[in-house]
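Visitor: Based on what follows, work out the 3D shape:
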Amino acid sequence: MIIGLTGGIATGKSTASLILSEQGIPVIDADIIAREVVMPGKEAYEKIVAFFGDDVLLSDKTLNRARLGEIIFNNSEKRLKLNEIVHPAVRSEMKKQAELHLSDGNPLVIMDIPLLFESKLTHMVDETWLIYTHPDLQLRRLMERDGYSEEQALSRIKSQMPIDEKKELADVVIENNGTKEDLKQKLLRLLQEDKKTDFMK
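Guide: So this is what the prediction gives:
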């Protein structure tokens with residue numbers, strides 16, 4: 001079974017991912033894969049350089065993310081092109097890794113995908129789990145975590161799909177309004193309820 005784990009900024013998705021990983025469950029992180037598929041020598045890297053030119057490379061030939069970000073920020077056509085190169089490569093690598101874990105005998109694999117609903121990637125998973133935090137608490141946590149003003153924090157939250165909208169789309173909603181230990185207990189209970197206990201240490 002493949003579970004798609006998602007959340008919003010400062011809702012605790014990364015903490016949940018770490019807790020699940022500590023139980024011996026394979027976790028495939030979309031953000032990490034997205035960095036790996038654009039490393040020198042990879043097909044997506046070659047396509048990016050072919051399209052954008054050497055301007056987007058640093059002296060060590062790795063991608064200059066800041067420069068690439070500037071280019072696509074002001075140009076929707078180029079942003080679309082970059083997404084057309086990177087997104088399929090990320091999806092393909094995630095599927096490949098999930099299949100490897102399942103064929104190795106793991107009954108459960110977690111795909112940690114921040115933009116699971118926004119990118120319409122639910123077809124890649126069997127069940128979706130949302131780490132949910134009350135919007136007021138989400139704002140407060142983000143301000144405390146990153147030192148943002150309320151205005152800065154709100155602008156980042158508003159750039160994402162509202163957490164309450166994600167709540168409507170998720171198969172399982174895991175409320176994370178308490179401590180890290182509370183979240184851990186909820187996740188462990190959920191794994192046991194779902195009879196996914198074979199893999200647990």
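Visitor: Just the element for residue 4, please.
Guide: strand 2-6 (DSSP states H and E).
Visitor: Any figure for the gap between residue 33 and residue 173?
Guide: 25 Å (C-beta to C-beta, to the nearest Å). Every C-beta, even on glycine, is put in place using the N, C-alpha and C of the backbone.
Visitor: If you count surrounding residues, which of the two has more?
Guide: Using other C-beta atoms under 10 Å, the more surrounded residue of residue 33 and residue 173 is residue 33, with 22 against 15.
Visitor: Which secondary structure elements does the one helix or strand that one maps to sit against?
Guide: Residue 33 is part of helix 30-36 when elements are defined by DSSP H and E. Counting contacts by 3 or more C-beta pairs under 8 Å, 6 or more residues apart in numbering; DSSP states H and E, helix 30-36 is packed against helix 76-103, strand 109-112.
Visitor: Next up, the contacts around residue 98.
Guide: By C-beta atoms under 8 Å, 6 or more residues apart in numbering, the residues touching residue 98 are 2, 28, 109, 111.
Visitor: my bad, should have said residue 188
Guide: Residue 188 neighbours (C-beta under 8 Å, 6+ apart): residue 23.
Visitor: What's the per-residue pLDDT of it here?
Guide: Note for residue 188: predicted pLDDT of 95.
Visitor: what separates the helix or strand harbouring it from the chain centre, distance-wise?
Guide: Assigning secondary structure by DSSP H and E places residue 188 in helix 180-193. Relative to its chain's centre, helix 180-193 lies at 20 Å (C-alpha atoms, centre = their mean, to the nearest Å).
Visitor: Then stretch 11-26?
Guide: That offset, for stretch 11-26, works out to 12 Å (C-alpha atoms, centre = their mean).
Visitor: and if you look at stretch 89-109?
Guide: Here stretch 89-109 is found 15 Å from its chain centre; the criterion is C-alpha atoms, centre = their mean.
Visitor: do stretch 168-180 as well
Guide: Using C-alpha atoms, centre = their mean, the offset of stretch 168-180 from its chain centre is 16 Å.
Visitor: ok, and for it, which residues are buried?
Guide: Residues of stretch 168-180 classed as buried: 170, 174, 175, 176 (neighbour count, 16 or more other C-beta atoms under 10 Å).
Visitor: quick check, nearest of those to residue 142?
Guide: residue 176 (13.4 Å; C-beta to C-beta).
Visitor: could you measure the closest one against residue 138, distance?
Guide: In this view, residue 176 and residue 138 are 9 Å apart by C-beta to C-beta.
Visitor: which neighbours do those two share?
Guide: Residues touching both residue 176 and residue 138 (C-beta under 8 Å, 6+ apart) are residue 11.
Visitor: list the contacts for the closest residue to residue 175 other than its chain neighbours?
Guide: With C-beta to C-beta, 6 or more residues apart in numbering as the criterion, residue 175 has its nearest non-adjacent residue at 5.4 Å, and that residue is residue 132. By C-beta under 8 Å, 6+ apart, the residues touching residue 132 are 7, 11, 163, 166, 167, 170, 173, 174, 175, 176.
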